[in-house]
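Chemist: Sequence plus the predicted model coming up.
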Amino acid sequence: MTDTGLVIGADGKARCFWGGASPDYAEYHDTEWGRPVRGDDALFERLTLEAFQSGLAWITILRKRPAFRAAFDNFSIAKVAAYTEDDAARLMADPGIVRNRMKVDAALHNAKVAAGLDEGLSTLLWSFAPAARPRPRTRADVPAVTAESTALAKALKKRGFKFVGPTTAYALMQATGMVDDHLADCWVPA
């Protein structure tokens, strides 16, 4: 690892400090993380997975993402919002996902809240995206929480969402391109 926090992969590409930890991380880093995501269902998926990640390594969620997509009807807000207690029991019995009752209940609850938003989830989330800024120079320059993520978490909680603290909100902002926290010398284009 360089003093800025970059790792040089076997392919010679300089990646953000976490992007070279495994082939799965490298693929996610190179093709998805930090790229703008729009659409209510797509953002519901990311919001839900960030909540499931809380307390776990992201690689756990990343590797289980196909099973999560299958279990949650590809994160269709309309479908998940209609889930019943039988669906919650089905999810809790699914070994392919993280079986945490509080997180499962939050996902089902959040789908109902998202389904009732007048402006839509994508519009709501993106309204908290900060103005573009230069990429961070070093790992130490990457925040865990910002004023915008704190405001987003408060707005989501005010509307009734669960499992959406400021750190989770910022991770969502990073993952969906609301902010670009690839390090300045990372090979991924801005």
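Modeler: Received the coordinates, thanks. Computed from a prediction, not measured in an experiment: that's the story for all the values here.
Chemist: ok, now how distant is R46 from G177?
Modeler: Relative to G177, R46 is positioned 10 Å away (C-beta to C-beta, to the nearest Å). Just so you know, the C-beta spots here come from the backbone N, C-alpha and C atoms, and that holds for glycine as well.
Chemist: Then Q53?
Modeler: 18 Å.
Chemist: ok, L62 touching Y28?
Modeler: Yes - here L62 reaches Y28: they are 5.8 Å apart, a contact under C-beta atoms under 8 Å.
Chemist: give me the number of residues near the nearest residue to I8 once chain neighbours are set aside?
Modeler: In space, and not counting its chain neighbours, I8 is closest to A14: 5.6 Å by C-beta to C-beta, 6 or more residues apart in numbering. Other residues near A14 come to 17 when the count uses other C-beta atoms under 10 Å.
Chemist: Dihedrals phi and psi, A14?
Modeler: Per-residue torsions, A14: phi -90, psi 120 (degrees, to the nearest 10).
Chemist: residues in contact with it?
Modeler: By C-beta atoms under 8 Å, 6 or more residues apart in numbering, the residues touching A14 are 2, 6-8, 185-187.
Chemist: Which of those lies at the shortest distance from P130?
Modeler: Of all those, C186 has the smallest distance to P130: 19.4 Å, by C-beta to C-beta.
Chemist: all strands of the chain, in order?
Modeler: 6-8, 14-16 (DSSP state E).
Chemist: Burial-wise, tell me which of these comes out on top.
Modeler: Across the strands of the chain, the average number of neighbours (mean count of other C-beta atoms under 10 Å) peaks for strand 14-16, which reaches a mean of 22.
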